[in-house]
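Engineer: Here's my sequence, what's the structure:
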Amino acid sequence: MPRPRIAVVGSANIDLTTFADRFPRPGETIFGQRFDLGFGGKGANQAVAARLCGADVFMLARVGADLFGPATLENFRKIGVDTTHVKQVEGLSSGVAPIFVEPNGQNRILVVKGANDAVKPADVDEAAEMLRGVDCIVLQFEIPLETVYYTVAFARNHGVRCILNPAPGQPVDMNALAGLDYLIPNESEAEAISGTPVRDANDARKCAEKLLAGGIRCVIITLGANGSLLAANAGCEHLRPFAVNTIDSTGAGDAFIGSFAVFLAEGVPEREAVRRANLYAAVSTTGIGTQKSFYDRGRFDREWAARQ
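Structural biologist: Predicted coordinates:
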């Protein structure tokens, strides 16, 4: 069986993660426990997760003409992600994401988009040959919305499966997403798009039904430690979480997206692909950081077998 081919059109950041007993109050300086610098960005994280799960992965992104740009390219190459369509942009910084993590694993993130804002529709056209030949295109909201909408339309017009992770959450033009195969937000992102509060699985169901009415084929709302909700016109199902010892939840949503794209492309039934992605996301929280905490396929398959 040929390996799945996944294209990620999205962001590449440097994550600057600080661990502290608590968050400082305004004007207050406190000592943190430790610091970690790693490669991140929702697009890059999802690309790495897909690659570690066994897919051939192609990244379309922009990085800055700074110290972080070449390092990001080298990281992709080391992992095996194709960088043909990752370019440095003069006059812009690379994207960065200062992340603050509390002892319970809860995180707060501030993203500076930098060169990610330079991913334009013309770049999608330039990569058209590659994009037409993949099993799935994956998108997020850390690049311009016009590029996201353009890529969704490109995928629809060429019959390529498309997954959109609408993160960070913001209001969108639902008409531009009509016909999208998969919309995968978390609770806050689902609320930002739909205007419907999402506090529990029942709220998530109502929100998903509203999003489906907007013309999206399938909505999956990730619920953190409560699993996920799979919703399509045929009905909704709450898929339970897997119990793990969470240390750092940063990147768990990206782990879900990247692995889910691969499982689907391998022909795994939709419900089963969501369950597997639930576990892949869960085990990513047992390590520190984003990409560094993702399992490779062999390790994940052993974990999956042990959980059945």
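Engineer: tell me, what residue is most central in the chain?
Structural biologist: residue 254 (3.2 Å; C-alpha atoms, centre = their mean).
Engineer: And the pLDDT for that one?
Structural biologist: Model confidence at residue 254, given as pLDDT, is 96.
Engineer: What of residue 98?
Structural biologist: For residue 98, the pLDDT comes out at 88.
Engineer: what secondary structure does it sit in?
Structural biologist: Under the three-state scheme (DSSP: H, G, I helix; E, B strand; the rest coil), residue 98 adopts strand.
Engineer: Tell me the bridge partners for it.
Structural biologist: Beta-bridge pairing of residue 98 under DSSP bridges involves residue 16.
Engineer: I'd like to know how far it sits from residue 107.
Structural biologist: 11 Å (C-beta to C-beta, to the nearest Å). In this view, the C-beta of every residue, glycine as well, is placed from N, C-alpha and C.
Engineer: do the same with residue 211
Structural biologist: Distance, residue 211 to residue 107, using C-beta to C-beta: 25 Å.
Engineer: Same question for residue 17.
Structural biologist: Distance from residue 17 to residue 107, by C-beta to C-beta: 8 Å.
Engineer: Which of the two has more residues huddled nearby?
Structural biologist: residue 17 (23 against 16; other C-beta atoms under 10 Å).
Engineer: Verify the stated contact: that one with residue 99.
Structural biologist: Yes. Residue 17 is within contact range of residue 99, at 4.4 Å (criterion: C-beta atoms under 8 Å).
Engineer: list the residues that contact both of those two?
Structural biologist: By C-beta atoms under 8 Å, 6 or more residues apart in numbering, residue 17 and residue 99 have these common neighbours: residue 250.
Engineer: and the residue nearest to the centre of the chain, what does it touch?
Structural biologist: Contacts for residue 254 were tallied using C-beta under 8 Å, 6+ apart; they are 42, 45-46, 49, 165, 290.
Engineer: cool, residue 101 as well?
Structural biologist: Counting by C-beta under 8 Å, 6+ apart, residue 101 has contacts 17-20, 107, 248, 250.
Engineer: which strands and helices sit next to the helix or strand of the chain with the lowest mean pLDDT?
Structural biologist: Every helix and strand in the chain was compared by mean pLDDT, DSSP states H and E; the lowest is strand 107-109, with a mean of 84. In terms of contacts (3 or more C-beta pairs under 8 Å, 6 or more residues apart in numbering; DSSP states H and E), strand 107-109 is packed against strand 95-101.
Engineer: and the strand it packs on, C-alpha only, in CSV?
Structural biologist: Extracted in CSV, the C-alpha atoms of strand 95-101 (Å, rounded to 0.1, in the frame of the first residue of the first chain):
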residue,chain,number,x,y,z
GLY,A,95,6.6,33.4,13.5
VAL,A,96,7.1,33.0,17.2
ALA,A,97,4.8,31.7,20.0
PRO,A,98,5.6,32.5,23.6
ILE,A,99,3.9,29.7,25.6
PHE,A,100,3.2,29.7,29.4
VAL,A,101,2.5,26.4,31.1
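Engineer: buried residues in that strand?
Structural biologist: 95-97, 99-101 (16 or more other C-beta atoms under 10 Å).
Engineer: can I get those in a markdown table with distance to residue 230?
Structural biologist: As requested, the buried residues of strand 95-101 are exported to a markdown table (distance: C-beta to C-beta, whole Å):
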| residue | distance to residue 230 |
| --- | --- |
| 95 | 31 |
| 96 | 34 |
| 97 | 29 |
| 99 | 29 |
| 100 | 32 |
| 101 | 29 |
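Engineer: Among the contacts of residue 254, which one sits closest to residue 258?
Structural biologist: Closest approach to residue 258 among the contacts of residue 254 (C-beta to C-beta): residue 49, at 2.7 Å.
Engineer: From residue 148, how far out is the closest one?
Structural biologist: For residue 49, the distance to residue 148 - C-beta to C-beta - is 19 Å.
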